[in-house]
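> Got a sequence here, can you model it:
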Amino acid sequence: MKAYSTALGLSALLLVAAAPSARAAWPPASSEGLVVAADSLLDEFPVGTVTDGAHGALVLWSQPELGLARLRMRHVLGGGVLDPAWPAEGLALGVGSAAASDAVLVSDEAGGAVAVWTDSRTGTAKTYAQRVRSNGSVDPAWPAGGVPISSASGTQRRPAVAGDGAGGVFVTWEDTRTGGNARSDLYAQHVRADGSLDPAWPALGAAVCTAIYEQFDPAIVADGMGGGAQVAWFDRRQTTAYEEVWTQRLDSTGALASGWPVNGITLASGDGIWRSELKLASDHANGFFALWNESPAFDNHEVRLIRVGVNGAPVAGWPAGGLELSEPFTASLNGRMVVDDSGPGAPAVLATWAEYFDFGIHARRVLGDGTFDPAWPASPANLLPLPMTSPKLTGAVSDDTGGLILLWSAAPSSSGSDDNIFASHVLATGTPDPAWPVGGALVCGASGMQGPPAAISDGTGGALAVWAGDGIGTTANVNAQRVDRGGIVGPLAAGVGRDAAVAQHAFALPSPQPAHGASRLSFTLGQPGRVRLSVFDTNGRRVRALWDGALPAGAHSMSWDLRDEQGGHVAPGLYFAKLSASGRELTQRIVVLD
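Numbers count the residues shown, from 1 in each chain. This is a model prediction of the structure:
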């Protein structure tokens, strides 16, 4: 895997997360939550939320300023307060003279984030990217106003983004350079951690698909093979009025991966089928999972899932066209998925969706071989036994023990037309957690319309929810709230439940010190879950990724052979080993001798 220079600097690597603090600052569920952005004259709507790696969140929202949509960002600390180091009105991104749209956000894996959006500052819609550091400032190494992703003619719109694992991002977008506004192709670009476009990639972007008719709504993930990316999208080259699902793989130079055809491979085909809400997730084995909704007949909506291997074909055991998750003729929508690396049959997918015939939410665990987990109910039961009006499922995160925390908005039968926000916990057995309130925990019951919520993991088995809610006067505010894995919303004393387990994570001093030949890295996990262990230099450049995967609780030890990603010996000097687990980051120094 390539290792690129970043602008993180030594200070970012010396940030060691303390044990989770008290949650007394989080407001109660009866309130509107923590107000992230509010203005009596402006509507604010969240457009992106990512973890800060320390139980908090970075929130990106859009608001009108002088008649133009402007992007702003704030940092919500894990304790339920806004970071005072960030601008009180939110950090402004882009340029004030152009309206921003189609914004997306991805973590830079160093406490900050990269935002990507479209604006027309040049008179034509173009796509830009900007890195925001953990201290609330725009990275000075990146161009002011954002990095132009491509200077090609035509418009660039509706970008999708994925981290490259080294502080940079892969971006894909709809592009009209050849077909005009009536037809869009797909292109992609790699932006390195220092804000420069990867010189190995085509300067105007790599062609993902330039087939006839429309290609649109792309999604992207890193390919897991060292510097490339996997893109999937909806395509009308064969149906003109309906959507098929196609995919393409690009290597570390932006060229088509070996063996992949020009314009991609079909994942789901067939005329007369509408498809929507395409989502991708890495399977952490050089392939990916794709999930989407489709409607093969009037009022018959399905949720489908497929696992795709490195060659673009379904992995053995998976049906062509995807596995139908929901029962037939149940009007299923709002599909969401979480990859589960820790349980039996991994990599597995925890999939969930809403059904509008029973006004319920359902879930299934699909094993890596494409079969349903036999430990889960054969026919997924309604997780909402209480009547609600049209639940809108928009958030699903792992509870770190093989289950799910779900977030949705709905109008309880007693509340009229205004939506409240709720959360539910699905155990690793596929059944509702009996310790939670029947029908879900109330996350926000304030008056007015609330939601729908976005959700990210809080790093301790719970979730952080962010949504737009009726606030001051008649405007929409951006609000946030935390729900614990135990179903507690808002304040919680320190040392309770999962917080206590995460506090037991420990990273021992590397041995020997100084290191010559190899360095032994030992650590203890207070709870099982996904773990990342990497080595960085003093400029914040990742030198070597040592581990990225699931580990059980207990003691572990790994060795670094003092080589970089390319297999070369590192130069003598100071390095930093960073352990990331359950939203907590621990760092140790390594001195390397000649």
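> packing partners for the helix or strand hosting residue 362?
Counting by DSSP states H and E, the element that carries residue 362 is strand 360-366. Taking 3 or more C-beta pairs under 8 Å, 6 or more residues apart in numbering; DSSP states H and E as the contact definition, the neighbouring helices and strands of strand 360-366 are strand 348-355, strand 388-398, strand 404-412. In short, each C-beta sits where N, CA and C put it, glycine included.
> make it 6 Å
If you count contacts as 3 or more C-beta pairs under 6 Å, 6 or more residues apart in numbering; DSSP states H and E, strand 360-366 packs onto strand 348-355.
> thinking again about what came up before, compute the distance from the centre of the strand holding residue 362 to the centre of its chain.
20 Å (C-alpha atoms, centre = their mean, to the nearest Å).
> Next: stretch 114-124.
Centroid separation between stretch 114-124 and its chain, computed with C-alpha atoms, centre = their mean, is 21 Å.
> That stretch - what's its average pLDDT?
For stretch 114-124, mean pLDDT rounds to 96.
> buried residues in that stretch?
With burial defined by 16 or more other C-beta atoms under 10 Å, the residues of stretch 114-124 counted as buried are 114, 115, 116, 117, 118, 119, 121.
> Which of the helices or strands spans the fifth one?
Spelled out, it's residue 118. Counting by DSSP H and E, residue 118 is found in strand 113-119.
> List the contacts of stretch 142-162.
95, 102, 104, 106, 116, 118, 124-131, 169-177, 189, 191, 195, 204-205, 218-222 (C-beta atoms under 6 Å, 6 or more residues apart in numbering).
> Give me the buried subset of those residues.
Restricting these to buried positions leaves 102, 104, 106, 116, 118, 125-131, 169-177, 189, 191, 195, 204-205, 218-222, with burial counted as 16+ other C-beta under 10 Å.
> From the contact counts, what lies against the strand holding residue 118?
Using 3+ C-beta pairs under 6 Å, 6+ apart as the contact criterion, the elements in contact with strand 113-119 are strand 100-107, strand 126-132, strand 156-163.
> Return the distance of it from the chain's centre.
For strand 113-119, the separation from the chain centroid amounts to 14 Å (computed by C-alpha atoms, centre = their mean).
> tell me the angle that strand makes with strand 100-107.
Regarding strand 113-119 and strand 100-107, their directions subtend 160 degrees when assessed with axes from the mean of the first three to the mean of the last three C-alpha atoms, to 10 degrees.
> Each with direction, which strands does strand 113-119 pair with?
Strand 113-119 sits in its sheet next to strand 100-107 (antiparallel), strand 126-132 (antiparallel), going by DSSP bridges.
> Quick check: next helix or strand after the shortest one?
Read in the C-terminal direction, the helix or strand following strand 126-132 is strand 147-148, with elements assigned using DSSP H and E.
> rewinding a little: list just the one of the strands paired with strand 113-119 that sits closest to residue 440.
The closest approach between residue 440 and any of these, judged by C-beta to C-beta, belongs to strand 100-107 at 26.7 Å.
> which residues sit against that closest one?
The contact list for strand 100-107 (C-beta under 6 Å, 6+ apart) reads 47-48, 50, 60, 69, 71, 94, 113-119, 157-158, 161, 163.
> could you give the angle of that strand to strand 156-163?
Computed by the same axes, to 10 degrees, the angle between strand 100-107 and strand 156-163 is 10 degrees.
> First-to-last residue distance for stretch 281-289?
Using C-alpha to C-alpha, to the nearest Å, the span of stretch 281-289 from its first residue to its last is 5 Å.
> mind listing the helices for this protein?
9-13, 498-502 (DSSP state H).
> Buried residues of stretch 244-259, list them for me.
Using 16+ other C-beta under 10 Å as the burial criterion, the residues of stretch 244-259 that qualify are 244, 245, 246, 247, 248, 249, 250, 251, 252, 254, 256, 257.
> May I see those organised as CSV, with pLDDT added?
Supplementary listing: these in CSV, determined by pLDDT from 0 to 100:
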residue, pLDDT
244, 96
245, 97
246, 98
247, 98
248, 98
249, 98
250, 97
251, 96
252, 95
254, 97
256, 97
257, 96
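> So, low pLDDT: which residues of the stretch 251-400 of the chain?
Of all residues in the stretch 251-400 of the chain, those with pLDDT under 70 make up the ranges 297-299, 329, 385-389.
> Which stretches in it count as strands?
265-268, 274-282, 288-297, 300-308, 323-324, 332-340, 348-355, 360-366, 388-398 (DSSP state E, counting those that start in this stretch).
> which stretch among those comes nearest residue 532?
Shortest separation from residue 532 across these is recorded for strand 274-282, at 13.4 Å, computed as C-beta to C-beta.
> Please identify the buried residues of that closest one?
For strand 274-282, the buried set under the neighbour-count rule, 16+ other C-beta under 10 Å, comprises 275, 277, 278, 279, 280, 281, 282.
> What strands flank that strand, and is each parallel or antiparallel?
Its sheet considered, strand 274-282 pairs with strand 288-297 (antiparallel) by DSSP bridges.
> Buried residues, the strand it pairs with. List them.
288, 289, 290, 291, 292, 293, 294, 295.
> Using JSON lines, please lay out these together with distance to residue 85.
Conversion of the buried residues of strand 288-297 to JSON lines gives the following (distance: C-beta to C-beta, whole Å):
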{"residue": "288", "distance to residue 85": "37"}
{"residue": "289", "distance to residue 85": "37"}
{"residue": "290", "distance to residue 85": "39"}
{"residue": "291", "distance to residue 85": "37"}
{"residue": "292", "distance to residue 85": "40"}
{"residue": "293", "distance to residue 85": "41"}
{"residue": "294", "distance to residue 85": "46"}
{"residue": "295", "distance to residue 85": "47"}
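> Please name the bridge partners of residue 586.
Following DSSP bridges, residue 586 is listed with bridge partners residue 579.
> give me the number of residues near it?
Residue 586: 17 surrounding residues under other C-beta atoms under 10 Å.
> next one: residue 261
As a burial measure, residue 261 scores 9 neighbours (other C-beta under 10 Å).
> what's the spacing between it and residue 246?
Taking C-beta to C-beta, to the nearest Å as the measure, residue 261 falls 11 Å from residue 246.
> Residue 265 too?
For residue 265 relative to residue 246 (C-beta to C-beta), the value is 7 Å.
> Show the backbone phi and psi for the residue lying closest to residue 360 once chain neighbours are set aside.
The shortest distance from residue 360 to any non-neighbouring residue, by C-beta to C-beta, 6 or more residues apart in numbering, is to residue 382 (3.3 Å). Taking degrees, to the nearest 10, you get phi -70, psi 120 for the backbone angles of residue 382.
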